[in-house]
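Chemist: Could you look at this predicted model? Sequence included:
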Amino acid sequence: MEGAERLRFEAQLTDHFGLEVAQRVIGAIQEEPSVSLRLNPMKPARIPDGSSQVPWHPHGYILPERPVFALDPMFHAGAYYVQDSSSMILSQIIKTLELPAHPLCLDACAAPGGKSTIILDTLQGQGFLLANEIDPKRQRILQENLMKWGHANYATTSVSIDRFHDTARFDLILVDAPCSGEGMFRKDAFAQKQWNEKLVAQCAYTQRSILDDATPLLNEGGWLIYATCTMNPQENEVQIIRLLDSGDYELATPSLPFKEHVVTIDHQGRSLGHYLLPGISTGEGLFIAVLRKVSSTPSLRIKKRKKQSSNGSANTVSLEELEAFGIRTAVDDVGVAFGDAVHLVCQFELIRGLSTPLRMIGQPAFTKKGKNLIPEHGLAMLELAPATIALNHEEAIAYFRKEVLSLNAEIKHGWHVVSFEGRHLGWIKAMQGRTNNYYPGWLRLRM
(Lines give C-alpha, C1' and ligand atoms only; values in the text may rest on other atoms or scores of the structure.)
Protein backbone atom coordinates (compact mmCIF):
# COMPACT_ATOMS: atom_id res chain seq x y z
CA MET A 1 0.00 0.00 0.00
CA GLU A 2 1.10 3.51 -0.74
CA GLY A 3 0.98 6.10 2.04
CA ALA A 4 -2.47 7.43 1.18
CA GLU A 5 -3.97 3.96 0.89
CA ARG A 6 -2.40 2.93 4.19
CA LEU A 7 -3.96 5.93 5.93
CA ARG A 8 -7.37 5.08 4.47
CA PHE A 9 -7.02 1.47 5.60
CA GLU A 10 -6.01 2.43 9.14
CA ALA A 11 -8.82 5.00 9.36
CA GLN A 12 -11.29 2.32 8.24
CA LEU A 13 -10.04 -0.06 10.94
CA THR A 14 -10.38 2.60 13.64
CA ASP A 15 -13.86 3.58 12.52
CA HIS A 16 -14.92 -0.06 12.39
CA PHE A 17 -13.40 -1.54 15.55
CA GLY A 18 -12.39 1.43 17.70
CA LEU A 19 -8.94 2.80 18.43
CA GLU A 20 -7.72 0.10 20.86
CA VAL A 21 -8.51 -2.87 18.60
CA ALA A 22 -7.28 -1.02 15.49
CA GLN A 23 -3.92 -0.27 17.13
CA ARG A 24 -3.47 -3.91 18.14
CA VAL A 25 -4.25 -5.06 14.58
CA ILE A 26 -1.96 -2.46 12.97
CA GLY A 27 0.85 -3.43 15.34
CA ALA A 28 0.38 -7.15 14.68
CA ILE A 29 0.55 -6.64 10.91
CA GLN A 30 4.19 -5.61 11.34
CA GLU A 31 5.02 -8.88 13.13
CA GLU A 32 5.78 -12.36 11.80
CA PRO A 33 2.66 -14.47 11.15
CA SER A 34 1.97 -17.53 13.25
CA VAL A 35 2.35 -21.05 11.80
CA SER A 36 -0.26 -23.66 12.61
CA LEU A 37 -1.51 -27.04 11.48
CA ARG A 38 -4.47 -29.31 12.08
CA LEU A 39 -3.91 -33.02 12.66
CA ASN A 40 -6.00 -35.53 10.72
CA PRO A 41 -8.15 -37.39 13.29
CA MET A 42 -8.28 -40.45 11.00
CA LYS A 43 -4.48 -40.63 10.75
CA PRO A 44 -3.05 -40.19 14.25
CA ALA A 45 0.36 -38.54 14.30
CA ARG A 46 2.61 -37.07 16.96
CA ILE A 47 2.05 -33.52 18.20
CA PRO A 48 4.88 -31.26 17.00
CA ASP A 49 7.44 -30.47 19.70
CA GLY A 50 7.06 -27.07 21.37
CA SER A 51 3.59 -26.44 19.93
CA SER A 52 0.57 -24.98 21.72
CA GLN A 53 -3.04 -25.99 21.14
CA VAL A 54 -5.46 -23.81 19.22
CA PRO A 55 -8.19 -22.88 21.76
CA TRP A 56 -11.14 -23.81 19.49
CA HIS A 57 -9.91 -26.97 17.85
CA PRO A 58 -8.79 -30.17 19.62
CA HIS A 59 -6.46 -31.13 16.75
CA GLY A 60 -5.10 -27.64 15.95
CA TYR A 61 -1.61 -26.60 17.02
CA ILE A 62 0.49 -23.44 16.72
CA LEU A 63 4.13 -24.20 15.97
CA PRO A 64 7.15 -22.40 17.44
CA GLU A 65 8.66 -21.98 13.96
CA ARG A 66 7.93 -22.88 10.34
CA PRO A 67 9.54 -26.16 9.21
CA VAL A 68 10.03 -27.24 5.59
CA PHE A 69 6.74 -29.10 5.28
CA ALA A 70 7.61 -30.49 1.83
CA LEU A 71 10.42 -32.53 3.42
CA ASP A 72 8.14 -34.11 6.03
CA PRO A 73 6.67 -37.46 4.90
CA MET A 74 3.73 -36.99 7.27
CA PHE A 75 2.68 -33.91 5.28
CA HIS A 76 2.49 -35.94 2.06
CA ALA A 77 0.67 -38.74 3.89
CA GLY A 78 -2.16 -36.38 4.86
CA ALA A 79 -1.48 -36.74 8.57
CA TYR A 80 -1.98 -32.99 8.97
CA TYR A 81 -3.06 -29.90 7.05
CA VAL A 82 -1.14 -26.62 7.27
CA GLN A 83 -3.88 -24.11 8.07
CA ASP A 84 -4.18 -20.76 9.77
CA SER A 85 -5.59 -21.19 13.26
CA SER A 86 -8.35 -18.61 12.70
CA SER A 87 -9.83 -20.73 9.90
CA MET A 88 -10.17 -23.68 12.27
CA ILE A 89 -13.06 -21.87 13.99
CA LEU A 90 -15.27 -23.33 11.23
CA SER A 91 -15.31 -26.67 13.04
CA GLN A 92 -16.70 -25.06 16.18
CA ILE A 93 -19.37 -23.27 14.11
CA ILE A 94 -20.57 -26.39 12.26
CA LYS A 95 -20.89 -28.38 15.48
CA THR A 96 -23.54 -25.92 16.69
CA LEU A 97 -25.79 -26.46 13.64
CA GLU A 98 -28.73 -28.87 13.48
CA LEU A 99 -27.93 -30.83 10.34
CA PRO A 100 -29.87 -33.86 9.05
CA ALA A 101 -28.36 -37.31 9.52
CA HIS A 102 -26.98 -37.42 5.97
CA PRO A 103 -26.50 -33.81 4.86
CA LEU A 104 -25.55 -32.77 1.35
CA CYS A 105 -22.98 -29.96 1.64
CA LEU A 106 -21.38 -27.53 -0.81
CA ASP A 107 -18.09 -25.71 -0.36
CA ALA A 108 -18.68 -23.10 -3.06
CA CYS A 109 -15.14 -21.66 -3.27
CA ALA A 110 -13.17 -24.61 -1.96
CA ALA A 111 -9.49 -24.39 -2.95
CA PRO A 112 -7.02 -25.08 -1.51
CA GLY A 113 -9.24 -27.36 0.57
CA GLY A 114 -8.60 -26.63 4.24
CA LYS A 115 -12.20 -25.78 5.08
CA SER A 116 -13.41 -28.71 2.95
CA THR A 117 -11.38 -31.09 5.11
CA ILE A 118 -12.97 -29.53 8.20
CA ILE A 119 -16.43 -30.21 6.78
CA LEU A 120 -15.45 -33.81 5.99
CA ASP A 121 -14.14 -34.28 9.53
CA THR A 122 -17.40 -33.02 11.04
CA LEU A 123 -19.48 -35.25 8.73
CA GLN A 124 -17.56 -38.31 10.00
CA GLY A 125 -18.38 -40.31 6.88
CA GLN A 126 -22.10 -39.44 6.93
CA GLY A 127 -23.45 -37.16 4.23
CA PHE A 128 -21.62 -35.91 1.17
CA LEU A 129 -19.55 -32.85 0.24
CA LEU A 130 -19.27 -31.20 -3.16
CA ALA A 131 -16.12 -29.07 -3.18
CA ASN A 132 -16.28 -26.54 -6.00
CA GLU A 133 -13.37 -24.55 -7.41
CA ILE A 134 -13.64 -22.80 -10.75
CA ASP A 135 -9.94 -22.06 -11.26
CA PRO A 136 -8.24 -25.06 -12.97
CA LYS A 137 -4.88 -24.68 -11.21
CA ARG A 138 -6.47 -24.30 -7.80
CA GLN A 139 -8.79 -27.24 -8.60
CA ARG A 140 -5.70 -29.46 -8.92
CA ILE A 141 -4.45 -28.38 -5.51
CA LEU A 142 -7.92 -29.02 -4.07
CA GLN A 143 -7.94 -32.56 -5.46
CA GLU A 144 -4.51 -33.27 -4.01
CA ASN A 145 -5.41 -32.09 -0.52
CA LEU A 146 -8.75 -33.90 -0.38
CA MET A 147 -7.25 -37.14 -1.68
CA LYS A 148 -4.49 -37.04 0.95
CA TRP A 149 -7.00 -36.38 3.72
CA GLY A 150 -8.48 -39.83 3.19
CA HIS A 151 -12.28 -39.51 3.04
CA ALA A 152 -14.45 -41.03 0.31
CA ASN A 153 -17.71 -39.06 0.67
CA TYR A 154 -16.84 -36.11 -1.53
CA ALA A 155 -16.54 -34.99 -5.12
CA THR A 156 -14.97 -31.91 -6.71
CA THR A 157 -16.57 -29.69 -9.33
CA SER A 158 -15.34 -26.70 -11.32
CA VAL A 159 -18.33 -24.63 -12.38
CA SER A 160 -19.95 -21.30 -11.60
CA ILE A 161 -22.44 -21.70 -8.76
CA ASP A 162 -25.48 -21.04 -10.94
CA ARG A 163 -24.71 -24.30 -12.79
CA PHE A 164 -26.06 -26.19 -9.76
CA HIS A 165 -29.53 -24.63 -9.91
CA ASP A 166 -31.21 -27.51 -11.74
CA THR A 167 -29.20 -30.33 -10.19
CA ALA A 168 -29.01 -30.18 -6.41
CA ARG A 169 -30.36 -28.78 -3.16
CA PHE A 170 -28.04 -28.52 -0.17
CA ASP A 171 -28.40 -28.62 3.60
CA LEU A 172 -25.22 -26.63 4.19
CA ILE A 173 -23.37 -24.20 1.92
CA LEU A 174 -20.06 -22.63 2.82
CA VAL A 175 -19.13 -19.50 0.88
CA ASP A 176 -15.52 -18.71 1.76
CA ALA A 177 -15.60 -15.83 -0.66
CA PRO A 178 -12.80 -14.24 -2.68
CA CYS A 179 -11.98 -10.98 -0.95
CA SER A 180 -9.53 -8.06 -0.69
CA GLY A 181 -7.40 -10.05 1.77
CA GLU A 182 -6.92 -7.46 4.51
CA GLY A 183 -6.72 -10.22 7.09
CA MET A 184 -3.67 -11.69 5.33
CA PHE A 185 -1.56 -8.51 5.21
CA ARG A 186 1.24 -9.76 7.48
CA LYS A 187 1.33 -13.13 5.71
CA ASP A 188 1.09 -11.93 2.11
CA ALA A 189 3.03 -8.87 0.99
CA PHE A 190 1.18 -8.83 -2.34
CA ALA A 191 -2.16 -8.50 -0.52
CA GLN A 192 -0.88 -5.27 1.02
CA LYS A 193 0.54 -4.00 -2.24
CA GLN A 194 -2.64 -4.52 -4.27
CA TRP A 195 -5.10 -3.17 -1.68
CA ASN A 196 -7.21 -0.15 -2.63
CA GLU A 197 -10.82 0.92 -2.30
CA LYS A 198 -11.57 -0.07 -5.90
CA LEU A 199 -10.47 -3.63 -5.15
CA VAL A 200 -12.78 -3.73 -2.12
CA ALA A 201 -15.73 -2.62 -4.29
CA GLN A 202 -14.90 -5.24 -6.95
CA CYS A 203 -14.72 -8.00 -4.33
CA ALA A 204 -18.00 -6.90 -2.77
CA TYR A 205 -19.69 -7.17 -6.19
CA THR A 206 -18.30 -10.69 -6.72
CA GLN A 207 -19.41 -11.74 -3.24
CA ARG A 208 -22.96 -10.48 -3.88
CA SER A 209 -23.13 -12.49 -7.10
CA ILE A 210 -21.95 -15.70 -5.41
CA LEU A 211 -24.36 -15.31 -2.50
CA ASP A 212 -27.29 -14.59 -4.83
CA ASP A 213 -26.46 -17.72 -6.84
CA ALA A 214 -26.10 -19.81 -3.68
CA THR A 215 -29.47 -18.85 -2.16
CA PRO A 216 -31.69 -20.94 -4.50
CA LEU A 217 -29.46 -23.97 -3.84
CA LEU A 218 -30.29 -24.17 -0.12
CA ASN A 219 -33.12 -26.25 1.22
CA GLU A 220 -35.59 -24.41 3.39
CA GLY A 221 -34.06 -24.60 6.87
CA GLY A 222 -30.60 -25.07 5.37
CA TRP A 223 -27.52 -23.26 6.64
CA LEU A 224 -25.36 -20.67 4.89
CA ILE A 225 -21.91 -20.03 6.37
CA TYR A 226 -20.25 -16.93 4.96
CA ALA A 227 -16.56 -16.26 5.54
CA THR A 228 -13.84 -13.95 4.25
CA CYS A 229 -10.24 -13.20 5.19
CA THR A 230 -10.84 -9.47 5.14
CA MET A 231 -11.80 -6.94 7.81
CA ASN A 232 -13.98 -4.30 6.18
CA PRO A 233 -17.77 -4.06 6.60
CA GLN A 234 -18.49 -3.60 2.89
CA GLU A 235 -17.38 -7.18 2.23
CA ASN A 236 -18.75 -8.59 5.49
CA GLU A 237 -21.55 -7.00 7.51
CA VAL A 238 -23.10 -5.26 4.50
CA GLN A 239 -23.36 -8.60 2.72
CA ILE A 240 -25.07 -10.28 5.68
CA ILE A 241 -27.53 -7.44 6.30
CA ARG A 242 -28.46 -7.45 2.60
CA LEU A 243 -29.29 -11.16 2.80
CA LEU A 244 -31.38 -10.60 5.93
CA ASP A 245 -33.25 -7.74 4.25
CA SER A 246 -34.09 -10.01 1.30
CA GLY A 247 -36.39 -12.07 3.50
CA ASP A 248 -34.71 -15.32 2.48
CA TYR A 249 -32.72 -15.74 5.71
CA GLU A 250 -32.80 -15.35 9.44
CA LEU A 251 -29.75 -14.62 11.54
CA ALA A 252 -28.26 -17.72 13.14
CA THR A 253 -24.67 -16.87 14.05
CA PRO A 254 -23.93 -18.83 17.25
CA SER A 255 -22.16 -17.32 20.22
CA LEU A 256 -18.54 -18.35 20.73
CA PRO A 257 -16.97 -18.83 24.17
CA PHE A 258 -13.52 -17.50 23.21
CA LYS A 259 -14.18 -13.88 24.14
CA GLU A 260 -10.54 -12.81 24.41
CA HIS A 261 -9.86 -14.00 20.85
CA VAL A 262 -13.04 -12.94 19.07
CA VAL A 263 -14.56 -9.57 18.17
CA THR A 264 -18.33 -10.03 17.83
CA ILE A 265 -20.41 -7.67 15.70
CA ASP A 266 -23.98 -7.20 16.96
CA HIS A 267 -27.07 -6.41 14.88
CA GLN A 268 -30.41 -5.65 16.51
CA GLY A 269 -29.30 -7.35 19.71
CA ARG A 270 -27.93 -10.50 18.05
CA SER A 271 -24.51 -11.59 16.85
CA LEU A 272 -24.24 -10.68 13.18
CA GLY A 273 -20.83 -12.31 12.81
CA HIS A 274 -17.44 -12.86 14.40
CA TYR A 275 -14.01 -11.45 13.59
CA LEU A 276 -10.75 -13.17 14.43
CA LEU A 277 -8.07 -10.52 14.00
CA PRO A 278 -4.25 -10.35 13.99
CA GLY A 279 -3.16 -9.21 17.43
CA ILE A 280 -6.47 -10.39 18.95
CA SER A 281 -6.69 -13.98 17.77
CA THR A 282 -3.90 -16.55 17.47
CA GLY A 283 -3.80 -16.29 13.68
CA GLU A 284 -4.69 -14.07 10.73
CA GLY A 285 -7.86 -12.13 9.95
CA LEU A 286 -11.18 -13.91 9.41
CA PHE A 287 -14.84 -12.94 9.37
CA ILE A 288 -17.50 -15.64 9.74
CA ALA A 289 -21.30 -15.51 9.98
CA VAL A 290 -24.15 -18.02 9.81
CA LEU A 291 -27.63 -17.62 8.33
CA ARG A 292 -30.56 -20.04 8.12
CA LYS A 293 -32.78 -20.02 5.07
CA VAL A 294 -36.45 -19.40 5.78
CA SER A 295 -37.80 -19.04 2.24
CA SER A 296 -38.67 -22.02 0.06
CA THR A 297 -37.12 -22.92 -3.27
CA PRO A 298 -39.17 -24.62 -6.00
CA SER A 299 -38.65 -28.37 -6.16
CA LEU A 300 -36.37 -29.74 -8.82
CA ARG A 301 -37.96 -30.94 -12.01
CA ILE A 302 -35.08 -32.47 -13.91
CA LYS A 303 -35.81 -33.80 -17.35
CA LYS A 304 -34.53 -37.27 -18.14
CA ARG A 305 -31.36 -37.00 -20.16
CA LYS A 306 -30.85 -39.22 -23.16
CA LYS A 307 -27.08 -39.32 -22.77
CA GLN A 308 -25.52 -41.28 -19.95
CA SER A 309 -24.14 -39.13 -17.15
CA SER A 310 -20.39 -38.55 -17.23
CA ASN A 311 -20.34 -38.85 -13.44
CA GLY A 312 -19.95 -42.60 -13.35
CA SER A 313 -21.97 -45.70 -12.61
CA ALA A 314 -21.79 -47.77 -9.45
CA ASN A 315 -20.79 -51.34 -8.54
CA THR A 316 -18.02 -51.88 -11.09
CA VAL A 317 -15.55 -53.51 -8.66
CA SER A 318 -16.55 -56.60 -6.73
CA LEU A 319 -15.83 -57.09 -3.04
CA GLU A 320 -13.77 -60.13 -4.00
CA GLU A 321 -11.49 -57.96 -6.15
CA LEU A 322 -11.05 -55.49 -3.29
CA GLU A 323 -10.32 -58.23 -0.78
CA ALA A 324 -7.58 -59.54 -3.07
CA PHE A 325 -5.68 -56.40 -2.05
CA GLY A 326 -6.50 -56.93 1.62
CA ILE A 327 -9.21 -54.26 1.51
CA ARG A 328 -12.46 -54.47 3.44
CA THR A 329 -14.83 -51.55 2.95
CA ALA A 330 -17.94 -50.28 4.63
CA VAL A 331 -21.22 -51.73 3.40
CA ASP A 332 -22.29 -48.48 1.70
CA ASP A 333 -19.01 -47.97 -0.17
CA VAL A 334 -19.29 -48.52 -3.91
CA GLY A 335 -16.85 -48.63 -6.78
CA VAL A 336 -17.69 -45.96 -9.34
CA ALA A 337 -16.36 -46.02 -12.89
CA PHE A 338 -14.93 -42.54 -13.48
CA GLY A 339 -12.80 -41.87 -16.53
CA ASP A 340 -10.20 -44.60 -16.89
CA ALA A 341 -10.27 -45.45 -13.19
CA VAL A 342 -12.56 -46.90 -10.57
CA HIS A 343 -13.11 -44.66 -7.55
CA LEU A 344 -14.21 -45.83 -4.13
CA VAL A 345 -17.11 -43.66 -2.95
CA CYS A 346 -19.06 -43.48 0.30
CA GLN A 347 -22.67 -42.16 0.45
CA PHE A 348 -22.89 -42.22 -3.36
CA GLU A 349 -26.70 -42.33 -3.25
CA LEU A 350 -26.78 -38.68 -2.13
CA ILE A 351 -25.49 -37.51 -5.52
CA ARG A 352 -26.65 -40.28 -7.84
CA GLY A 353 -27.99 -38.63 -10.99
CA LEU A 354 -26.24 -35.30 -10.39
CA SER A 355 -25.77 -33.73 -13.83
CA THR A 356 -23.18 -31.13 -12.87
CA PRO A 357 -19.91 -32.52 -14.27
CA LEU A 358 -17.46 -33.81 -11.66
CA ARG A 359 -13.69 -33.40 -11.73
CA MET A 360 -13.07 -36.11 -9.13
CA ILE A 361 -15.24 -38.29 -6.93
CA GLY A 362 -14.24 -40.18 -3.79
CA GLN A 363 -10.84 -41.84 -3.80
CA PRO A 364 -9.19 -43.09 -7.01
CA ALA A 365 -8.87 -46.80 -6.24
CA PHE A 366 -7.98 -48.81 -9.37
CA THR A 367 -7.30 -48.56 -13.06
CA LYS A 368 -8.50 -51.58 -14.99
CA LYS A 369 -6.16 -52.93 -17.65
CA GLY A 370 -7.76 -55.98 -19.16
CA LYS A 371 -8.35 -58.38 -16.30
CA ASN A 372 -5.76 -56.67 -14.11
CA LEU A 373 -6.32 -54.02 -11.46
CA ILE A 374 -3.65 -51.33 -10.98
CA PRO A 375 -4.06 -49.67 -7.57
CA GLU A 376 -4.33 -45.87 -7.49
CA HIS A 377 -2.86 -43.45 -4.95
CA GLY A 378 -6.21 -42.61 -3.38
CA LEU A 379 -6.62 -46.21 -2.29
CA ALA A 380 -3.40 -45.97 -0.27
CA MET A 381 -4.60 -42.69 1.28
CA LEU A 382 -7.73 -44.43 2.57
CA GLU A 383 -5.46 -46.73 4.62
CA LEU A 384 -7.81 -49.69 4.08
CA ALA A 385 -5.05 -52.09 3.03
CA PRO A 386 -2.22 -52.87 5.46
CA ALA A 387 1.17 -51.26 4.83
CA THR A 388 3.81 -53.90 4.23
CA ILE A 389 7.04 -51.91 3.80
CA ALA A 390 8.21 -49.25 6.26
CA LEU A 391 10.53 -46.54 4.89
CA ASN A 392 12.94 -44.33 6.78
CA HIS A 393 12.99 -40.57 6.19
CA GLU A 394 15.60 -40.67 3.43
CA GLU A 395 13.78 -43.47 1.60
CA ALA A 396 10.43 -41.68 1.94
CA ILE A 397 11.77 -38.47 0.38
CA ALA A 398 13.30 -40.52 -2.46
CA TYR A 399 9.90 -42.17 -2.94
CA PHE A 400 8.17 -38.77 -3.25
CA ARG A 401 10.76 -37.77 -5.85
CA LYS A 402 9.80 -40.91 -7.82
CA GLU A 403 13.32 -42.29 -7.53
CA VAL A 404 14.09 -45.99 -7.68
CA LEU A 405 14.11 -47.48 -4.19
CA SER A 406 16.79 -49.98 -3.17
CA LEU A 407 14.81 -52.31 -0.95
CA ASN A 408 15.31 -55.78 0.46
CA ALA A 409 15.65 -58.27 -2.38
CA GLU A 410 13.52 -60.76 -0.44
CA ILE A 411 10.38 -58.63 -0.69
CA LYS A 412 7.51 -60.69 -2.01
CA HIS A 413 6.67 -59.98 -5.65
CA GLY A 414 3.54 -57.93 -6.24
CA TRP A 415 1.91 -54.75 -4.91
CA HIS A 416 2.94 -53.19 -1.59
CA VAL A 417 1.92 -50.10 0.36
CA VAL A 418 4.94 -48.20 1.70
CA SER A 419 4.65 -46.24 4.93
CA PHE A 420 6.46 -43.86 7.26
CA GLU A 421 5.87 -43.97 11.03
CA GLY A 422 2.70 -45.96 10.42
CA ARG A 423 1.16 -43.63 7.85
CA HIS A 424 0.61 -44.77 4.27
CA LEU A 425 2.60 -43.03 1.52
CA GLY A 426 1.59 -44.92 -1.65
CA TRP A 427 2.21 -47.98 -3.79
CA ILE A 428 5.21 -49.79 -5.19
CA LYS A 429 5.36 -53.02 -7.18
CA ALA A 430 8.10 -55.51 -6.46
CA MET A 431 9.28 -57.42 -9.54
CA GLN A 432 12.21 -59.61 -10.49
CA GLY A 433 15.29 -57.73 -9.30
CA ARG A 434 13.65 -54.30 -8.98
CA THR A 435 10.78 -52.26 -7.59
CA ASN A 436 8.61 -49.85 -9.56
CA ASN A 437 7.69 -46.57 -7.88
CA TYR A 438 3.98 -45.80 -8.38
CA TYR A 439 3.88 -42.42 -6.64
CA PRO A 440 1.75 -40.15 -8.91
CA GLY A 441 3.82 -38.06 -11.29
CA TRP A 442 1.62 -34.99 -10.77
CA LEU A 443 2.42 -35.08 -7.04
CA ARG A 444 6.16 -35.58 -7.51
CA LEU A 445 8.40 -33.72 -5.06
CA ARG A 446 10.68 -31.39 -7.03
CA MET A 447 13.13 -30.23 -4.37
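Modeler: Happy to help now that I have it. The structure displayed is predicted, hence computed values, not measured ones. Numbers count the residues shown, from 1 in each chain.
Chemist: any idea how far Phe400 is from His377?
Modeler: From His377 over to Phe400 the distance is 12 Å, taken as Cβ to Cβ, to the nearest Å. Any C-beta I mention is one placed from the backbone N, CA and C, and that applies to glycine too.
Chemist: Mutual contacts of the two, please.
Modeler: Residues touching both His377 and Phe400 by Cβ atoms under 8 Å, 6 or more residues apart in numbering: 439, 443.
Chemist: now the strands for the stretch 1-150 of the chain?
Modeler: For the stretch 1-150 of the chain, strands defined by DSSP state E, counting those that start in this stretch occupy the ranges 35-39, 52-53, 60-63, 80-82, 104-107, 128-132.
Chemist: partners of the last one, with directions?
Modeler: To tie it back to what came earlier, the one meant is strand 128-132. Using DSSP bridges, the strands paired with strand 128-132 are strand 104-107 (parallel), strand 154-157 (parallel).
Chemist: Make TSV out of these and add distance to Leu286 and mean pLDDT.
Modeler: What follows is the strands paired with strand 128-132, written out as TSV (distance: least, Cβ to Cβ, whole Å; pLDDT from 0 to 100):
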stretch	distance to Leu286	mean pLDDT
strand 104-107	16	98
strand 154-157	23	96
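Chemist: Can you tell me which of these is nearest to Phe258?
Modeler: Relative to Phe258, the nearest member of these by Cβ to Cβ is strand 104-107, separated by 23.7 Å.
Chemist: Could you list the low-confidence segments of this structure?
Modeler: Applying pLDDT under 70 to the chain flags the ranges 1-2, 299-333, 409.
Chemist: can we see that at 50?
Modeler: Low-confidence segments of the chain, defined by pLDDT under 50: 302-309, 314-315, 331.
Chemist: Each with direction, which strands does the lengthiest strand in it pair with?
Modeler: For the chain, the strand with the greatest residue count under DSSP state E is strand 218-228. Sheet partners assigned to strand 218-228 using DSSP bridges are listed as strand 170-176 (parallel), strand 286-293 (antiparallel).
Chemist: From the chain's centroid, how far away is that strand?
Modeler: Computed by Cα atoms, centre = their mean, to the nearest Å, the separation of strand 218-228 from the middle of its chain amounts to 17 Å.
Chemist: Now the element after that strand, going C-ward?
Modeler: Under the assignment DSSP states H and E, the closest C-terminal helix or strand after strand 218-228 is helix 237-245.
Chemist: ok and that following helix relative to strand 286-293, angle-wise?
Modeler: If you take axes from the mean of the first three to the mean of the last three Cα atoms, to 10 degrees, helix 237-245 sits at 0 degrees to strand 286-293.
Chemist: name the helices or strands packed onto helix 237-245?
Modeler: Helix 237-245 is packed against helix 197-214, strand 218-228, strand 249-251, strand 263-267, strand 270-276, strand 286-293, with contacts defined by 3 or more Cβ pairs under 8 Å, 6 or more residues apart in numbering; DSSP states H and E.
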